[in-house]
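Engineer: Take this sequence and fold it.
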Amino acid sequence: MHFVFTPPGGAAAGLLDLPWGAPLAEWEDERLVEIRRRGLSRHVVRFVAEGGEVFALKELSDRLARREYRLLRELRGLGVPAVEVVGVAVDRDDLDAILVTRYLEHSTSYRMLFATRRAPAGRVLDALVELLVRLHLAGFLWGDCSLSNTLFRPDAGAYAAYLVDAETAELHPSLSEGQRRYDVELARERIAGELFDLSAAGTLPAGLDPVAVADDTVRRYTALWDELTREEVFHRSDQRYRIADRLRRINELGFDVDEVELVDAGGDRSVLRVRTRVHEPGHHRQVLFARTGLSAEENQARRLLNDIAGYRGYLERESGRPVPEVVAANEWLAEVYEPVVSAIPDDLRNRLDEVEIFHEVLEHRWFLSERGGRDIGTTAAAKDYFTHVLPDVPAADP
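Structural biologist: So this is what the prediction gives:
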């Protein structure tokens, strides 16, 4: 028998004296607990409380266990919402392997949500669709997308969805249109079947049509994917404003932009292409500092990186050739950021830190552009901000 725990030590180390030599269904141990909100599984799944934490143990073949262990670790590295894998026990003589994951606190299954009428179907679908889109952006083909393979956790009036089962999943550099369609159609079929099961059990809320709900899942996925990845055509005079507006919408949906590309569409029009990715916490702060030397909070850094991406697209459009990220960042620092910071009136410099002031200038530029229906420009926005907004900000404590 062979154990692998990641990382070693901690509460997981206390699991080593469990009866690993016996089938999981036959275990008898005082640390075994029942989880009422668990979902259904085609495998034997049991829960163990150890060191103040709860762990889920799933029995499955060695091949699938090793594969799922690897994929769940890779998903965690990509920042995609999924259960945290803790370890795997393999080579258990004639027994299947056991995969160990950390129980997702405050989570529940779709069956419990529908049975208790706690969540509108739309919120559950939105959470599942967002999870599937995040997986697809990361190049992850689920291959078994369903409500049963997902856990839901309350999140400020909505729900966050977490992948639970990755047995049939595949990780690629990117997914083709056919791979995405396959995953989405499979999700549609599984969701309809699961809701028909709830209907037969009498726990499906009145008025919900399983087929209509499944079809609505596809519609929601298509709308979100389109918002995150579609190309836009606009006039060159509006490009800075339109880029900022598009990136803002993407950020408001909880996603990040990895690359912006402007392509000449003839005449005075350009095509905007964005590549959306999922990033780990703190990613934007690290990238901004590496490219510019500026220290910022995560949301500030995200906003500044968006502006750098838009400026890079402008440089490429004007020069007619690709511009390296480091070159674009340095030119942005010299031509956009530093002139704004240098223009801050001396008597107002103590109102906010410089990065926050620049961030607010970008926000002000967006609002002025939205109101005027055209790109106002950073210089004009900064001048208006220093005159009408910053004086009303209370001075910082000495």
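
Engineer: Tell me where the stretch 51-200 of the chain has helices.
Structural biologist: 62-78, 110-115, 121-137, 177-201 (DSSP state H, counting those that start in this stretch).

Engineer: Quick one: name whatever helix or strand follows the last one.
Structural biologist: Taking DSSP states H and E as the definition, the helix or strand that follows helix 177-201 towards the C-terminus is helix 210-229.

Engineer: mind checking how far Glu130 is from Arg302?
Structural biologist: Taking C-beta to C-beta, to the nearest Å as the measure, Glu130 and Arg302 are separated by 18 Å. Any C-beta I mention is one placed from the backbone N, CA and C, and that applies to glycine too.

Engineer: swap in Gly143?
Structural biologist: As for Gly143, its distance to Arg302 is 31 Å (criterion: C-beta to C-beta).

Engineer: can you check Arg220 too?
Structural biologist: Separation of Arg220 from Arg302 (C-beta to C-beta): 25 Å.

Engineer: Who are the contact partners of the nearest residue to Leu24 once chain neighbours are set aside?
Structural biologist: What sits nearest to Leu24 in space, not counting adjacent residues and going by C-beta to C-beta, 6 or more residues apart in numbering, is Glu59, at 4.2 Å. Going by C-beta atoms under 8 Å, 6 or more residues apart in numbering, Glu59 touches Pro23, Leu24, Ala25, His43, Val44, Val45, Leu95, Asp96, Ala97, Ile98.

Engineer: Could you pick out the one among these with the lowest pLDDT?
Structural biologist: Here the lowest pLDDT out of the contacts of Glu59 sits on His43, with 81.

Engineer: quick one: that one and Lys58 touch, right?
Structural biologist: Yes: counting by C-beta atoms under 8 Å, Lys58 is a contact partner of His43 at 5.2 Å.

Engineer: Settle it for me: which of these two has more neighbours?
Structural biologist: The neighbour comparison of His43 against Lys58 (other C-beta atoms under 10 Å) goes to Lys58, with 24 against 17.

Engineer: Enumerate every residue touching that one.
Structural biologist: Residues counted as contacts of Lys58 (C-beta under 8 Å, 6+ apart) are Ser41, His43, Val44, Val45, Ile98, Leu99, Thr101.

Engineer: likewise Glu356?
Structural biologist: When contacts are counted by C-beta under 8 Å, 6+ apart, Glu356 touches Gln300.

Engineer: How much space separates it from Leu315?
Structural biologist: Here Glu356 is placed at a distance of 26 Å from Leu315 (C-beta to C-beta).

Engineer: hang on, Glu339 packs against Val361?
Structural biologist: I think there's a mix-up here, since residue 339 is Pro and not Glu. No: if you go by C-beta under 8 Å, Pro339 and Val361 don't touch, sitting 10.8 Å apart.

Engineer: Now the terminal residues of stretch 83-95, how far apart.
Structural biologist: 24 Å (C-alpha to C-alpha, to the nearest Å).

Engineer: Ok, stretch 22-29 next?
Structural biologist: 12 Å.

Engineer: Show me which positions of it end up buried.
Structural biologist: By neighbour count with 16 or more other C-beta atoms under 10 Å, stretch 22-29 contains the buried residues Leu24, Trp27.

Engineer: Same check on stretch 213-220?
Structural biologist: Neighbour counts over stretch 213-220 (16+ other C-beta under 10 Å) mark Val213, Ala214, Asp216, Thr217, Val218, Arg220 as buried.

Engineer: can you list the residues you listed in CSV and add pLDDT?
Structural biologist: Formatted as CSV, those follow (pLDDT from 0 to 100):
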residue, pLDDT
Val213, 91
Ala214, 93
Asp216, 91
Thr217, 92
Val218, 93
Arg220, 89
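
Engineer: so which of the residues you listed comes closest to Leu247?
Structural biologist: Nearest to Leu247 out of these is Arg220 (C-beta to C-beta; 21.7 Å).

Engineer: Spit out the contact partners of the residue lying closest to Asp144 once chain neighbours are set aside.
Structural biologist: Using C-beta to C-beta, 6+ apart and skipping residues adjacent in sequence, the residue nearest Asp144 is Thr168, 4.5 Å away. By C-beta under 8 Å, 6+ apart, the contact set of Thr168 is Trp142, Gly143, Asp144.

Engineer: ok, of those, which come out buried?
Structural biologist: Applying 16+ other C-beta under 10 Å to those flags Trp142, Asp144 as buried.

Engineer: All set, thanks.
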